[in-house]
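**Q** Fold the following.
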Amino acid sequence: MSTTSPFGRLLTAMVSPMRPDGSLDLEGARRLVAHLLDTGHDGIVVNGTTGESATLSDDESIQLVELVAEEAGGRAAVVAGVGSNATAHSVEMAHRALGAGATGLLLVSPYYTKPTQPGLVAHCRAVADATDLPVMLYDIPGRTGIPFDTATLLELAAHDRIVAVKDAKGLPWETTKVLAATDLLYFSGADETNLPWLAMGATGVVSVVGHVAGREYAAMIAAVDQGDLAQARAIHHRLVPAVDALMTTSQGAIMAKAAMVELGIIEHPTVRLPLVESPPEHLDLLRAGLKESGLL
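**A** Numbers count the residues shown, from 1 in each chain. As a prediction, the model looks like this:
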């Protein structure tokens, strides 16, 4: 795939494997990184939403960045989530992520505090000024309560290190406006929109379903690059059962961990409260969806 993106083009927001007692499963994390590298990923997001960043301690977050950077060994970008509802905390985590080997930062809008758009601009600039790492903004107002308005994205695009957007807002016309007016690299941040966003000119995807469908999404990106939309659509359609199984049955982190257990990559589906593991009926839906998409 193209090397023009400092983040890669096929990224998965990696789950954080845990033991039954809730502690990090570092060996499981190593196996998971190897699995992602083996299935076509050229970028890995650590401490994103699917990595349960909200319930990891700062030290655990940095430990995972160090581990992923070590295991990736330069074969994939390592994008560390450093978002917080406090700018000073995000700045601190950006410094620590750089020291741990991150090659890029993922910055979500400050949740719960709900800043104004000028406050959001100031927050993002402060974090981007903290290191020399490229920054991918993460626009997911369904979780944060505060979107990146189009005018805000146009303003932030002027910053040398704010170079990309992970879009989970799902407004194609607003995305088109930003793509037309800036050089920001766009990444689909919801597997349901991977193909339409690529067709509009997105650089790549930051996936959850990529845990199980890395090769398929790599092939989709390649097909769009080659102008073969029929092939890209065929992949998109074949993955509908898997996307539904992981993203609508319960919750992404819960189901992605369960899927990794099904594939034998990690040993335990443990998640931290307030998340809870999948009941048997959800596991049945997961297995059925993976099988129907040819992934199990």
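**Q** which residues in the stretch 1-150 of the chain form strands?
**A** 10-13, 43-46, 77-81, 104-108, 135-139 (DSSP state E, counting those that start in this stretch).
**Q** So for the helix-or-strand element of the chain with minimal mean pLDDT, what gets flagged as buried?
**A** Every helix and strand of the chain was ranked by mean pLDDT, DSSP states H and E. The lowest is helix 141-144, at a mean of 94. Using 16 or more other CB atoms under 10 Å as the test for burial, helix 141-144 gives Thr144. No exception for glycine: its C-beta is placed from N, CA and C like everyone else's.
**Q** Give the next helix or strand downstream of it.
**A** Using DSSP states H and E, the helix or strand that directly follows helix 141-144 along the chain is helix 150-156.
**Q** Please spell out which residues along that next one are buried.
**A** Neighbour counts over helix 150-156 (16+ other CB under 10 Å) mark 150, 152-153, 155-156 as buried.
**Q** ditto for stretch 117-135
**A** So, applying 16+ other CB under 10 Å, buried residues of stretch 117-135: 120-121, 123-125, 127-128, 130-131, 133-135.
**Q** Now do the contacts for Ala242.
**A** Ala242 makes contacts with 209, 212-213, 289-290, 292-293, 295, as judged by CB atoms under 8 Å, 6 or more residues apart in numbering.
**Q** List the ones among the residues you listed that fall in strands.
**A** Among the contacts of Ala242, no member falls in strands (criterion: DSSP state E).
**Q** Hmm, Ser109 and Asn85 touching each other?
**A** No. If you go by CB atoms under 8 Å, Asn85 and Ser109 don't touch, sitting 9.3 Å apart.
**Q** neighbour-wise, which of those two wins?
**A** Between Asn85 and Ser109, counted using other CB atoms under 10 Å, Ser109 has the larger neighbour count: 26 against 17.
**Q** Now do the helices for this protein: every range, in order, please.
**A** Along the chain, the segments classed as helices by DSSP state H run 26-38, 58-72, 87-100, 117-130, 141-144, 150-156, 172-181, 194-200, 210-225, 229-238, 240-247, 252-262, 280-292.
**Q** And for Thr182, the neighbour number?
**A** 18.
**Q** Let me see the contact set for the closest residue to Ala97 other than its chain neighbours.
**A** Excluding the flanking residues, the one nearest Ala97 by CB to CB, 6 or more residues apart in numbering is Ala80, at 3.8 Å. Neighbouring residues of Ala80 by CB under 8 Å, 6+ apart: 45-47, 61, 65, 93, 97, 100, 102, 104-106.
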